[in-house]
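J.: Next comes the sequence, and after it the predicted model I'd like to discuss.
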Amino acid sequence: MNIKVGKKAPGFCLPDQNDETRCLKDYVGKWVLVYFYPKDDTPGCTKEACGMRDNLSNFNRIDLVVLGISKDSVKSHQKFAKKYNLNFPILADEDTKVNQLYEVWQSKKFMGREFIGTVRSSFLIDPEGKIAKIYNNVKPEGHAQEVITDLSEKVQ
């Protein structure tokens with residue numbers, strides 16, 4: 001496992017829901033939450049995205065940038081963002097290269113079936129570009145608040 005707290009976060013550039021390229025390096029000097037989710041417009045992913053949306057003013061207050069990533073297309077992201085008024089970038093990782101870089105593209109089980117997919121995970125990246133915290137097997141409800149609490153403790 002190469003992804004560890006204290007190590008440099010793997011760099012990436014991906015298109016967002018507006019087909020604008022977003023690169024992690026563009027956010028050096030800021031705290032960044034990179035959160036990986038399995039699929040647009042599914043119950044858990046919608047809950048998590050709406051939690052991020054609803055906490056954006058709190059994130060802005062603590063100078064945190066939120067980037068959501070899934071393997072869905074830009075077009076899928078456009079629909080998802082419009083339907084739920086998502087006010088932060090959601091990035092399309094259609095070839096799953098970034099999912100794999102962050103080691104969240106893994107074997108999963110659902111209803112007795114095994115398959116490869118995105119394990120819901122988040123990475124809090126500090127202003128120097130290092131991983132400050134890893135959230136594994138994230139619970140969609142309350143995750144945004146958990147990040148706010150953790151970052152508030154780090155920046156005091």
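T.: Yep, that arrived.

J.: Give me the outermost residue of this structure relative to its centroid.
T.: Gly112 (26.8 Å; CA atoms, centre = their mean).

J.: Could I get the phi/psi values of it?
T.: phi 80, psi 0 (degrees, to the nearest 10).

J.: Give me the pLDDT value at it.
T.: The model reports Gly112 with a pLDDT of 86.

J.: Same check on the one 10 residues further on?
T.: Listed pLDDT for Ser122 reads 96.

J.: picking up where we left off before, now do the residue farthest from the centre of the chain against Thr42, distance only.
T.: Separation of Gly112 from Thr42 (CB to CB, to the nearest Å): 19 Å. Where C-beta positions appear, they are placed from N, C-alpha and C, glycine not excepted.

J.: centroid residue for this structure?
T.: By CA atoms, centre = their mean, the chain has its centre lying nearest to Tyr35, at 1.5 Å.

J.: how far away is Phe65 from Lys7?
T.: One correction, residue 65 is Val, not Phe. With CB to CB as the criterion, Val65 and Lys7 are 20 Å apart.

J.: which non-adjacent residue is nearest Ile3?
T.: Excluding the flanking residues, the one nearest Ile3 by CB to CB, 6 or more residues apart in numbering is Glu103, at 5.0 Å.

J.: One more: Cys13?
T.: Cys23 (4.0 Å).

J.: And that neighbour, how close does it get to Lys154?
T.: In terms of CB to CB, Cys23 sits 24 Å off from Lys154.
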